[in-house]
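Participant: mind looking at a prediction? Sequence and model below.
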There are 2 protein chains.
Amino acid sequence: MKNDDAVSALAALAQDSRLDIFRLLVKAGPEGMPAGAVTAAVGLTPSALTFHFDRLRDAGLVTVRREGRSMIYAARFEIMNALLGFLTENCCQGGTDQCAPATCAPSKTIRRKERVS
Amino acid sequence: MKNDDAVSALAALAQDSRLDIFRLLVKAGPEGMPAGAVTAAVGLTPSALTFHFDRLRDAGLVTVRREGRSMIYAARFEIMNALLGFLTENCCQGGTDQCAPATCAPSKTIRRKERVS
DNA sequence: CTCACGTTTCAGTGATTATTGAAATATTCC
DNA sequence: GGAATATTTCAATAATCACTGAAACGTGAG
């Protein structure tokens, strides 16, 4: 992942509603979910949603496909993964073990106290 | 790390010059480096630099201290770490192993030629 | 004290962002 | 075909952003 790609991915996630939207899509898994369901969940107008989806899509973080009259959006985990890789590399070049590897696999095993939603 | 903190950290890094600046500070290590050195490296005016430093500082990603007439900026690795943790958690909740843990520990093995001091 | 240095503060500017509401588009059902 | 549903497109608007240049501030040197 190049510098520019990282910047657009970061920019795509650097907004309240958009981060919410992406988290929803991550929870929805590779199948994705229809735009309407996201609209209902985050409480924005449909056109505002389209605006945010476009930005996420430009950054490569989501895909979209039509299914009947619905548009199904889905997270692209590979890109999110690439972003994490980029950040980890750029965070850890100090060489002084500042970034513990433990930080990066808390999803299933370790449960932190900072569970906020 | 809360949702809002993540958004400001992401926003702080979601900009070309600022990402460059932060990477420089990461390379500089916990000691940090004076604002002037950063100015010279990224080619912006001093006031533009102050603008970006402020944003990074608001997000908690850097600290600053005075040393003589210089202001020494340094990356806060703990915050970057917290951001990575937040993103990893929010990327991996799909439960389907989409985010391999392998992505997260490339720091020590690979050494680049970009040794600058 | 005065000067030079390194950096910040401030006012101003053009570009981008998030949002709204109305109209247009695509699809299914009757 | 016509109505209903799901979503996008478009124009407009207020807020925020990145940047510039001039002035101010704090610090050390002579």
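Facilitator: Sure, I can see it. Numbering: from 1, shown residues only, chains lettered A, B, ... in the order given.
Participant: what is the mean pLDDT for the top helix by length along chain A?
Facilitator: As assigned by DSSP state H, the longest helix anywhere in chain A is helix A:77-92. For helix A:77-92, mean pLDDT is 89.
Participant: can you point out the buried residues in that helix?
Facilitator: A:77, A:79-92 (16 or more other C-beta atoms under 10 Å in any protein chain shown). Where you see a C-beta, it was placed from the backbone N, CA and C, and this is true even at glycine.
Participant: wait, does that helix contact chain B?
Facilitator: Yes: with C-beta under 8 Å from any C-beta of the partner chain as the measure, helix A:77-92 is seen reaching chain B through A:F77, A:M80, A:N81, A:L83, A:L84, A:G85, A:L87, A:T88, A:E89, A:N90, A:C91, A:C92.
Participant: these into JSON lines, with extra columns for distance to DNA strand D?
Facilitator: Below are the residues of helix A:77-92 next to chain B laid out as JSON lines (distance: C-beta to the nearest atom of the strand, whole Å):
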{"residue": "A:F77", "distance to DNA strand D": "20"}
{"residue": "A:M80", "distance to DNA strand D": "20"}
{"residue": "A:N81", "distance to DNA strand D": "24"}
{"residue": "A:L83", "distance to DNA strand D": "18"}
{"residue": "A:L84", "distance to DNA strand D": "22"}
{"residue": "A:G85", "distance to DNA strand D": "23"}
{"residue": "A:L87", "distance to DNA strand D": "18"}
{"residue": "A:T88", "distance to DNA strand D": "23"}
{"residue": "A:E89", "distance to DNA strand D": "22"}
{"residue": "A:N90", "distance to DNA strand D": "18"}
{"residue": "A:C91", "distance to DNA strand D": "20"}
{"residue": "A:C92", "distance to DNA strand D": "24"}
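Participant: ok, the residue nearest the centre of chain A to chain B distance?
Facilitator: By C-alpha atoms, centre = their mean, chain A has its centre lying nearest to A:F22, at 4.4 Å. Separation of A:F22 from chain B (C-beta to the nearest C-beta, to the nearest Å) stands at 8 Å.
Participant: re the thing from before, any idea how far the longest helix of chain A is from the middle of the chain?
Facilitator: 12 Å (C-alpha atoms, centre = their mean, to the nearest Å).
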